[in-house]
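**Q** next comes the sequence, and after it the predicted model I'd like to discuss.
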Amino acid sequence: MRQLIKFGKKIVEQGLTGAFFGNVSRREGDRIWISTTGSMLDDLEHDLVQVHVKDAGPEDSRASSDLVLHRAVYARTKAHYVFHGHPTYSVALSLINKAGDRLEPDDMESRHALKGIPILDGDVSREELAPVLAETLADTPAAIVRGHGVFSGGADPVGTFACLCAVEHACRVQYLVSMKRSMDSAVKP
């Protein structure tokens with residue numbers, strides 16, 4: 001639980017989501033610790049619940065509304081952590097691009113860490129999104145759900161957080177470079 005509390009704070013501190021948005025989880029065997037729905041991600045001391053990795057239970061109603069997505073990722077991948085944020089540039093670029101697109105980072109660090117960022121359809125139910133997100137995170141460390149935000153999954157909290165950061169960094173760089181190019185082309189006669 002300590003790691004989820006620590007990284008929930010970091011996600012908000014780094015501007016990767018607002019306090020009342022996003023969620024974090026950790027798998028421990030056949031159980032998942034997950035932030036509660038409506039909780040403040042930077043103050044999770046009393047807002048984590050434990051649910052079964054597959055089976056519904058009484059705490060499901062308190063868990064994040066993205067529980068179905070977390071469960072699908074854990075069922076399909078070897079991830080022990082799933083972090084979800086709503087970073088501004090990632091969401092903006094996902095709305096500029098189409099679902100099915102893959103953002104190719106411009107900067108060296110993001111290209112090395114991510115090797116492309118899939119954009120998944122955000123105009124579907126969570127139940128429809130769950131298998132697609134899980135399959136995507138089985139092959140890549142992070143994905144953007146169009147209009148919704150970034151999901152990253154990993155074996156440890158540091159790597160999972162680093163991927164979330166790398167996606168937003170790549171999107172910020174790409175957005176700013178595209179704005180500069182747009183301004184330059186508007187100035188040319």
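**A** Structure's in. What do you need?

**Q** and stretch 72-87, how far out from the chain's middle?
**A** Offset of stretch 72-87 from its chain centre (C-alpha atoms, centre = their mean, to the nearest Å): 8 Å.

**Q** likewise for stretch 23-30?
**A** Stretch 23-30 sits 14 Å away from the centroid of its parent chain (C-alpha atoms, centre = their mean).

**Q** before we move on, what about stretch 135-143?
**A** Centroid separation between stretch 135-143 and its chain, computed with C-alpha atoms, centre = their mean, is 10 Å.

**Q** what mean pLDDT does that stretch have?
**A** Here the mean pLDDT over stretch 135-143 is 96, rounded to a whole number.

**Q** list the buried residues of the lengthiest helix in the chain.
**A** Looking across the chain with DSSP state H, the single longest helix is helix 157-187. Within helix 157-187, the residues that count as buried by 16 or more other C-beta atoms under 10 Å are 157, 159-175. Every residue, glycine included, has its C-beta placed from N, CA and C.

**Q** kindly report the same for stretch 65-76.
**A** The neighbour-count check on stretch 65-76 (16+ other C-beta under 10 Å) flags 66-74, 76 as buried.

**Q** contact partners of it?
**A** 23, 25, 27, 32, 34, 37, 51, 53-54, 60, 64, 79, 82, 84, 126-127, 129-131, 133-135, 137-138, 151, 153 (C-beta atoms under 8 Å, 6 or more residues apart in numbering).

**Q** cool, and stretch 18-34?
**A** Stretch 18-34 has contacts (C-beta under 8 Å, 6+ apart) with 1, 3-4, 7-8, 11-12, 16, 35, 38-44, 48-54, 63-64, 66-67, 70-71, 74, 79-86, 149, 157.

**Q** span of it from start to end?
**A** Length of stretch 18-34, first residue to last, C-alpha to C-alpha, to the nearest Å: 17 Å.

**Q** where does the prediction get shaky in the protein?
**A** 187-189 (pLDDT under 70).

**Q** do a quick rundown of the strands in it.
**A** Shown for the chain, the strands assigned by DSSP state E span residues 23-28, 31-35, 48-52, 81-85, 102-103, 117-120, 142-145, 149-154.
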